[in-house]
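Visitor: 3D model of this:
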Amino acid sequence: MTKVRHITKIAVIAAAAAYAQENSAPNPYRTVENWAKLPAPRQWGSTSAVDIDRDGRSVWVAERCGANSCAGKTDDPILKFDSSGKLVKSFGSGMLLFPHGICVDRDGNIWVTDGQASGGKGFQVFEFSPDGKLLTTLGKAGGGTGGEGFNQPNDVAIAPNGDIFISEGHTPNMGSARIVKFTKDGKFIKEWGKHGSGPGEFEVPHALAFDSQGRLFVGDRANNRVQIFDQDGKFIDQWKQFGRPSGIYIDKNDVIYVTDSESTSKEGYGYNPGWKRGIRIGSAKDGKLTAFIPDPLVPPNGAALPATSAAEGVAADVDGNVYGAEVGPKDLKRYEKK
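Guide: Residues are numbered from 1 along each chain as shown. As a prediction, the model looks like this:
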């Protein structure tokens with residue numbers, strides 16, 4: 001082991017020890033299995049995308065067509081469920097290969113990122129009306145690099161003034177690692193970020209969310225941290241107490257929900273020793289952790305965890321119910337207060 005690697009490993013272990021208490025925060029929720037009902041014979045595929053409708057209770061999900069890709073599928077990937085879990089709307093057949101991120105804006109329109117590309121299709125961001133009408137398309141079909149082109153767009157968030165923010169780059173140390181900003185009319189404004197672990201640098205900027213102050217929270221997943229910026233890209237802070245962030249949701253009261261679907265004590269991808277997977281809940285104002293919903297998956301006989309488990313996407317309705325969108329387990333779980 002090289003000296004640099006040895007020092008890095010010591011730093012990671014020390015950080016894990018410092019935040020060990022973040023694994024033992026109380027869990028005031030109970031799990032509701034099979035809450036969202038799909039019409040037979042359709043079954044859940046992978047999903048990392050969930051958000052709440054403008055009504056505060058209905059749930060929007062972008063699901064990968066019963067598998068981990070919509071390529072060659074005719075299913076509608078964009079789904080709306082009412083507060084009882086009944087499917088009330090679906091659309092988007094044939095438009096998306098790999099729905100990855102979702103955002104419901106203040107007008108109730110639904111934004112979805114397509115995180116893969118094949119055959120001149122994919123790597124775009126779409127805005128739909130609640131009835132499924134295509135309103136906006138950002139990016140070139142099949143992808144591009146730099147400026148207005150996309151290569152692995154992960155998530156999308158809409159600022160209070162309507163400006164559009166997209167995070168890009170799903171592979172550590174390869175391709176892009178940036179945030180791209182557009183006007184509400186889809187005109188390119190700026191971009192920032194590159195590969196690295198310094199302030200304003202990223203390794204897999206997987207999730208985006210705004211707090212009540214208009215600050216942009218970025219789930220910098222492969223750096224095991226959340227970074228916070230103003231809307232011009234100025235670095236404000238970084239938080240590591242929320243684990244390895246795959247998804248972020250911030251409600252109107254500045255309660256922050258952060259998913260960790262990848263932390264593992266095994267060296268290599270996902271290395272974040274001492275951290276448990278699950279959904280951490282706290283304050284977006286000061287970063288204080290208040291609750292932890294642990295990963296429901298417990299491997300038998302001490303077996304290793306898979307590459308991804310628990311929720312990637314997360315949202316919470318006005319009644320405080322939490323929704324976890326799962327890639328590995330292929331599910332949408334609801335968590336209710338006990």
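Visitor: Look up which helix or strand the residue nearest in space to the middle of the chain falls in, please.
Guide: The residue at the geometric middle of the chain, judged as the C-alpha nearest the mean C-alpha position with C-alpha atoms, centre = their mean, is G247 (3.1 Å). Remark: G247 resides in strand 245-250, with elements defined by DSSP states H and E.
Visitor: partners of that strand, with directions?
Guide: For strand 245-250, sheet partners with direction are given as strand 255-260 (antiparallel), following DSSP bridges.
Visitor: that's a helix at A222, yeah?
Guide: Yes: applying DSSP: H, G, I helix; E, B strand; the rest coil, one finds A222 inside a helix.
Visitor: Nearest residue to it in space, please, no chain neighbours.
Guide: E203 (3.6 Å; C-beta to C-beta, 6 or more residues apart in numbering). In short, each C-beta sits where N, CA and C put it, glycine included.
Visitor: residues in contact with that neighbour?
Guide: The neighbours of E203, taking C-beta atoms under 8 Å, 6 or more residues apart in numbering as the test, are 169, 172-173, 177, 195-197, 220-223.
Visitor: any idea how far the residue nearest to the centre of the chain is from K73?
Guide: Separation of G247 from K73 (C-beta to C-beta, to the nearest Å) stands at 24 Å.
Visitor: repeat for G45
Guide: Per C-beta to C-beta, G45 is found 9 Å from K73.
Visitor: those helices in this structure, which residues are they?
Guide: Using DSSP state H, the helices of the chain run over 3-18.
Visitor: any weak-confidence spans in it?
Guide: Within the chain, the stretches with pLDDT under 70 are 1-21, 299-303.
Visitor: Repeat the analysis, applying 50 as the threshold.
Guide: Within the chain, the stretches falling below the threshold (pLDDT under 50) are 3-4.
Visitor: shared neighbours of G45 and K73, which are they?
Guide: Residues touching both G45 and K73 comprise 65-67, with contact defined as C-beta under 8 Å, 6+ apart.
Visitor: can you redo the residues you listed as CSV with neighbour count and distance to N27?
Guide: CSV is the format used below for the shared contacts of G45 and K73 (neighbours: other C-beta atoms under 10 Å; distance: C-beta to C-beta, whole Å):
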residue, neighbour count, distance to N27
C65, 23, 32
G66, 18, 30
A67, 16, 31
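Visitor: Show me which of the residues you listed is closest to N321.
Guide: Proximity of those to N321 was ranked by C-beta to C-beta; the top entry is G66 with 24.8 Å.
Visitor: All good on my end, thank you.
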